[in-house]
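S.K.: With the sequence up front, the predicted model follows.
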Amino acid sequence: MSTPPPSSEPPVPQYKVIGTRPIRHDGVDKVTGKAVYTGDIHLPGMLHGKILRSPHAHARVLSVDTSEAEKMPGVHAVATSADLPGLKDQIVQLGEGEVNLKYLGANCLARDKVLYKGHAVAAVAASSLEVAEAALSRIKVEYEVLPSVTWCLDAMQDAAPVLHAELRTASMGENSDKPTNIDAHVCFEKGNIEAGFATADVVVEREFKTASVHQGYIEPQVVVADWNQDGQLRIWTATQGSFTCRQQTAELLNLPVSRVTVTPCEIGGGFGGKITVYLEPVAAVLSKKSGRPVKISMQRNEVFEGTGPTPGSWMRVKLGATRTGRLVAGEARIVFDGGAFPGGGPILAAGCMCVFSCYELEHAKVEGYNVVVNKSKTSAYRAPGSTHVAYACESVIDELAQTLKLDPLEFRLMNAAKEGTRRVDGPVYPRIGLIEVLNAAKASEHWKSPLTGVNRGRGIACGFWFNAALKSSCTANVNFDGTITLLEGSTDIGGTRTSLAMQLAETLGIAAADVHPRVVDTDSVGYTDVTGGSRVTFATGLAVCKAGLEIEKQMKARAAVLWNVSLDQIKVENGVYSAKDRSVSFKDLAAELSVHGDPIVVSTSVSPEGSTNAFCVHIVDLEVDRETGKTTILRYTVIQDAGKAIHPSYVEGQMQGGAVQGIGWALNEEYFFDSQGRMANASFLDYRMPTALDVPMIDTIIVEVPNPDHPFGVRGVGEVPIVPPPATIANAIQRATGVRMCELPMSPPRLWKAMADAH
Amino acid sequence: MAKKLHVTTTINNESVEFLCEARHSLLEVLRDRLELTGAKEGCNNGNCGACTVLMNGLPVVSCLVLAVEAEGAEIETVEGLAGHDHFLHPLQQCFLEGAALQCGICTPGFLVAAKALLKKIPNPTEEQIRFNLSGNLCRCTGYDKIVRAVQAAAEQMKETVS
């Protein structure tokens, strides 16, 4: 389903390929079990690596004795942080985000301290997994256990255990003078909030807490490294960004990037969690020491304990409106935990930029703090930061609407951000689609249908995510059979091979099946940033469209030579090249390339700037069991501006998948820590992600307000659908029970208690 | 090193023999010894279903089955679903046409579990599909398109039979 744009806009172009639903190019491999994921790689002579991890949440490492392990038969190499080169205190840009090498290295193998349970301390490569595991038990580590802290507000207290003695708060370009756990402080302000709140008739202020949640990809981190005797390090890995992985690994090992080749295998989910390296440098060191290829696979508990979850958070949001329903001022104070190492500033900043991003707000102030705590270093998770703040802001918006006795959708529509709205952090929106999305929600069957029954409620909430642009490259080879082999560096997590092939096909007037997209290694295509920021269909799509236009140009020139006519006489329509009375299909013209002239090979690169601005609205109907506190989702609809849906099925898939991840975040998912700061539920049994039985069908309505910065109007769709669910569900629970849930997850015990307390 | 045990079994209609240690799981043997890497390891403790295979027609998480238990059994893995001459099983075809996969790591487990379901209940309700597939985790799709693909395959298989 799509919504026509307003009549003032140009007519919607008619496409032959875009908007259709071809079978994805890698589909057959994935339904037959032939697709090669990193875990499926087996190299001759390959050793198996295992990592020794800290049992303590916070401890000083007094000594590590690996001598017994090294003597074991079958053990080929043992590594500790002493095997990683001394790392500079240096920030490296990784496309989407940045990292300090010193901390990145200490996260891969702990130096003088372990900072969370599961922190890697040493590693072994052996002839079998069993030998490697036995060898780990022979490594003697002497710890001095230190007090730990896992909740962000506790970590901000003066008396809190300090994780990094050298850490100072970076704030407004200055550093604080005392050791602290506060890593970053950001502040955004527009207008004058005191004056703004003075004009408000109604003000609502609430505090919110959210637990740490994990990305929960089904494929654990796994890597194969082969550091060849010629000095070339080859890595096969599950990564969202092969070039980013190459850069991090090279920097940590003090190698030029060209000495590292990263082959991105099929990847079993990432959601932001497979950008940072954990295993790659360690497997590389073990490979170098043993002279053999080394594979390391994480077990699920290692994934939960040792890889980036999302921040836990505390937030206070205050919003004021006039009696007639106009928002006048907003204030937010946001605290995110960054996990064990500094560097969470960008996620915090994103949260601060997103908190009021859906609304026209004349006066606003947002202040945020990022805090280090004794849990794994947080990493990006689908629209990182935005889900937290949307939970807070959209809950307060809903309560304001209730106080003003306004329809919650109308209230949002009255105040919705639009082209020209300036966000609190400065940028002014270009053409965006929030109003269209809200109108589509209003017109939806779901919103218009009545909801009846006791303990039932309907909720609605908006979501925003920037979407990134960054750098992308591709190479297109025109085959003599009239097809194109498209080489790209964007690892395909959710069907981007096909969304890219379709754009190339559309540009050239050929079928999607006649483009063969291949995700290749870092030596075989130009630099490409991560598959993240919902950017691939947009930015790598731009590179692909550019390649298509260049191929068309060269094909026209070839036709002109063949027919001995001038170039300006060649016309191209729907993949047919013609001049005067002659015409030839793309396919037949491609066949001529084998005989006449040079092969046509086109490589392109792009580095678009800015963001493509995705908005969505979610509607839920749910029922609460007052006896148990369990919430059942009865009906769920996602309405989202895709700009242009290249392959609608996979756009819907993003909307549905994001919504269900958000439902899990809202209702069940949570890191539990014991009194010693150790994660207590590091398995899929105890960390409860939604199953098929926990959710209904997820209805989707794709709205298309074209992005002016892309030839087909693509905005990117992957991340924003995770943003609204916690608020949408909290708003519905409030209407079902009268209880306003200000803490995530709204799990049965927590909701049951809140209902009991309210009576 | 522990003494190796000899196991004779049938995998995807072919007789197979292998040596393993008593502690090896069926998943380890399938993936590491027999080069049947279609079954995936997502958790190695029976919670995610990515390693689901059929054992004597019933879905099992092969990470929790000891390889020696395969003695005399009939095992079917995702590799056994498709036929000759590029013929795909209706479930595979419907997963492709219905875009019921994104990253694809859970797909083999879902296909195998769904095959067992349709054998048990050829015309399942949505609830029955959700219940029977609730041992398989998917983090990408939100399950909607998976449930629909199983519904579509059930429809197709009914037509083929009648």
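M.R.: Happy to help now that I have it.
S.K.: and chain A, what are its domains?
M.R.: Domain ranges of chain A: A:27-35+A:469-606, A:385-467+A:611-758, per automatic domain parsing.
S.K.: Residue 67: how many residues sit nearby?
M.R.: This is for chain A. Around A:S67 there are 10 other residues, counting by other C-beta atoms under 10 Å in any protein chain shown. C-beta coordinates here come from the backbone N, C-alpha and C atoms, glycine included.
S.K.: oops, chain B please
M.R.: 25.
S.K.: tell me the contacts of A:T150?
M.R.: By C-beta atoms under 8 Å, 6 or more residues apart in numbering or on different chains, the residues touching A:T150 are A:A57, A:G312, A:D337, A:V373, A:N374, A:K375, A:F673, A:G677.
S.K.: try 10 Å this time
M.R.: Going by C-beta atoms under 10 Å, 6 or more residues apart in numbering or on different chains, A:T150 touches A:57-58, A:116-117, A:212, A:312, A:337, A:339, A:373-375, A:671, A:673-674, A:676-679.
S.K.: which helix is the longest one in the chain?
M.R.: No chain specified, so I'll use chain A. helix A:541-563 (DSSP state H).
S.K.: hmm, I had chain B in mind actually
M.R.: Longest helix of chain B, by residue count under DSSP H: helix B:144-161.
S.K.: Mind putting the domains of chain A into TSV with distance to chain B, mean pLDDT and mean neighbour count?
M.R.: As requested, those are exported to TSV (distance: least, C-beta to the nearest C-beta, whole Å; pLDDT from 0 to 100; neighbours: other C-beta atoms under 10 Å in any protein chain shown):
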stretch	distance to chain B	mean pLDDT	mean neighbour count
domain A:27-35+A:469-606	2	97	21
domain A:385-467+A:611-758	3	98	22
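S.K.: Can you lay out those domains as CSV showing distance to A:R326?
M.R.: Formatted as CSV, those follow (distance: least, C-beta to C-beta, whole Å):
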stretch, distance to A:R326
domain A:27-35+A:469-606, 31
domain A:385-467+A:611-758, 7
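S.K.: ok, so what distance separates the residue positioned nearest the centre of chain B from B:G57?
M.R.: Note on chain B: the residue nearest the mean C-alpha position is B:V112, at 2.9 Å, using C-alpha atoms, centre = their mean. Distance, B:V112 to B:G57, by C-beta to C-beta, to the nearest Å: 11 Å.
S.K.: Can you work out which residues contact both of those two?
M.R.: By C-beta under 10 Å, 6+ apart, the residues touching both B:V112 and B:G57 are B:E76.
S.K.: just to revisit the earlier point, sheet partners, orientation included, of the helix or strand following the longest helix of chain A?
M.R.: Using DSSP states H and E, the helix or strand that follows helix A:541-563 in sequence is strand A:571-573. Partner strands and pairing direction for strand A:571-573 (DSSP bridges) are strand A:576-579 (antiparallel).
S.K.: Give me the sheet partners of the helix or strand that the partner strand is followed by and which way each runs.
M.R.: Once strand A:576-579 ends, the next helix or strand along the chain (criterion: DSSP H and E) is strand A:582-585. Taking DSSP bridges as the criterion, strand A:582-585 forms sheet pairs with strand A:576-579 (antiparallel).
S.K.: Please give the centre-to-centre distance between the strand it pairs with and its chain.
M.R.: Centroid separation for strand A:576-579 versus its chain: 44 Å, with C-alpha atoms, centre = their mean, to the nearest Å.
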